[in-house]
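J.: Model the structure of this input:
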Amino acid sequence: MENDKNFKTINILSKGYGIIPKKVMLDKELSIEAKAIYSFFCSFTGNGDTAFPSVSLITSSLGISRQRYNKHREILEQKGYIKVTQQRLGKGSFKNNIYQLFNEVPSLQNPTTGKPTTGKPTTENITNNINSLKSNSINNNKEIKDNALFESWWDLYNKKKARPKALSAFNSALKKHDYETIEKGTINYLKSIEDKQYQSYPAKFLNQEQYMDEHSYKDNNVYENTTATGNTSVGHDYLDGL
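T.: Residues are numbered from 1 along each chain as shown. Model prediction:
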């Protein structure tokens with residue numbers, strides 16, 4: 001049929017996907033907005049437990065206001081489903097939010113049919129569990145932030161090769177220089193490269209600290225050419241925050 005020839009399909013998994021726990025969807029204390037926001041986070045975590053889409057991306061994709069988003073996101077935090085960490089630049093200015101999703105959340109024990117205990121209320125156990133989760137989150141916080149920064153830099157550096165080696169080199173670079181220095185130096189370097197075949201591989205660029213070198217600007221450079229053709233990564237959209 002004529003219409004069948006013009007019919008095209010799109011793979012809905014092509015942009016990535018995540019896993020949504022059934023227990024969260026069955027939680028009757030969550031609003032439909034909270035479940036939609038949680039599902040949005042899940043779609044960005046993939047096999048991990050962290051995501052960092054910008055608030056503007058979330059609200060525009062879900063068709064809700066920022067105020068409505070904040071209200072229902074707070075429900076998820078209060079229930080212990082997520083933790084929101086604000087990432088800041090070296091001078092303290094806000095950069096973006098990092099959302100961590102927990103596989104285990106605090107919960108009241110099922111009531112028993114026996115005599116009620118005269119001990120401390122079970123809410124104290126819940127508080128202890130929450131404090132334990134917060135402690136674990138703080139311990140993991142630096143790793144989460146560093147991974148988010150690497151994703152932002154990986155999107156910026158438009159020559160992809162040996163990602164694991166690049167990640168290791170990036171973490172080493174972060175121990176010596178702040179991210180703003182690395183990012184600024186990377187952009188200056190990319191603006192000095194006219195032919196991509198002469199561009200260093202990511203790990204080599206980081207290990208040799210080429211972002212600290214002086215670079216001469218070239219008109220027909222790989223950084224501005226990529227920007228002009230619209231092939232820049234969406235990583236910066238993820239990280240533009242509030």
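J.: how many other residues sit next to the closest residue to Tyr179 other than its chain neighbours?
T.: In space, and not counting its chain neighbours, Tyr179 is closest to Leu149: 5.0 Å by C-beta to C-beta, 6 or more residues apart in numbering. C-beta here means a position set from N, CA and C on the backbone, and glycine is covered the same way. Using other C-beta atoms under 10 Å, Leu149 has 22 neighbouring residues.
J.: looking at this, Asn96 is in a strand?
T.: Yes: Asn96 sits within a strand when classified using DSSP: H, G, I helix; E, B strand; the rest coil.
J.: That one is in contact with Ala51, isn't it?
T.: No: contact between Asn96 and Ala51 fails when scored by C-beta atoms under 8 Å: they sit 10.9 Å apart.
J.: Which residues are in contact with each of those two?
T.: In terms of C-beta atoms under 8 Å, 6 or more residues apart in numbering, Asn96 and Ala51 are not both contacted by any residue.
J.: how much space between the residue nearest to Tyr179 and Ile193?
T.: 22 Å (C-beta to C-beta, to the nearest Å).
J.: Which residue ranges of the chain form strands?
T.: Assigned by DSSP state E, the chain shows strands spanning 50-51, 82-88, 94-101.
J.: okay, how far is it across stretch 40-50, tip to tip?
T.: End-to-end distance for stretch 40-50: 12 Å, by C-alpha to C-alpha, to the nearest Å.
J.: May I see the buried residues of it?
T.: Residues of stretch 40-50 classed as buried by neighbour count (16 or more other C-beta atoms under 10 Å): Phe40, Phe41, Cys42, Ser43, Phe44, Thr45, Asp49, Thr50.
J.: Got the confidence number for the second one?
T.: Read that as Phe41. We have a pLDDT of 91 for Phe41.
J.: and it, what does it touch?
T.: Gly18, Ala51, Pro53, Ile82, Tyr99, Leu101.
J.: which ones are touching the fifth one?
T.: By C-beta under 8 Å, 6+ apart, the contact set of Tyr99 is Phe41, Thr50, Ala51, Phe52, Pro53, Ile82, Lys83, Val84.
J.: just checking, the fourth one touches Gln100?
T.: What that stands for is Phe52. No: using C-beta under 8 Å, Phe52 is not in contact with Gln100, being 9.9 Å away.
J.: All set, thanks.
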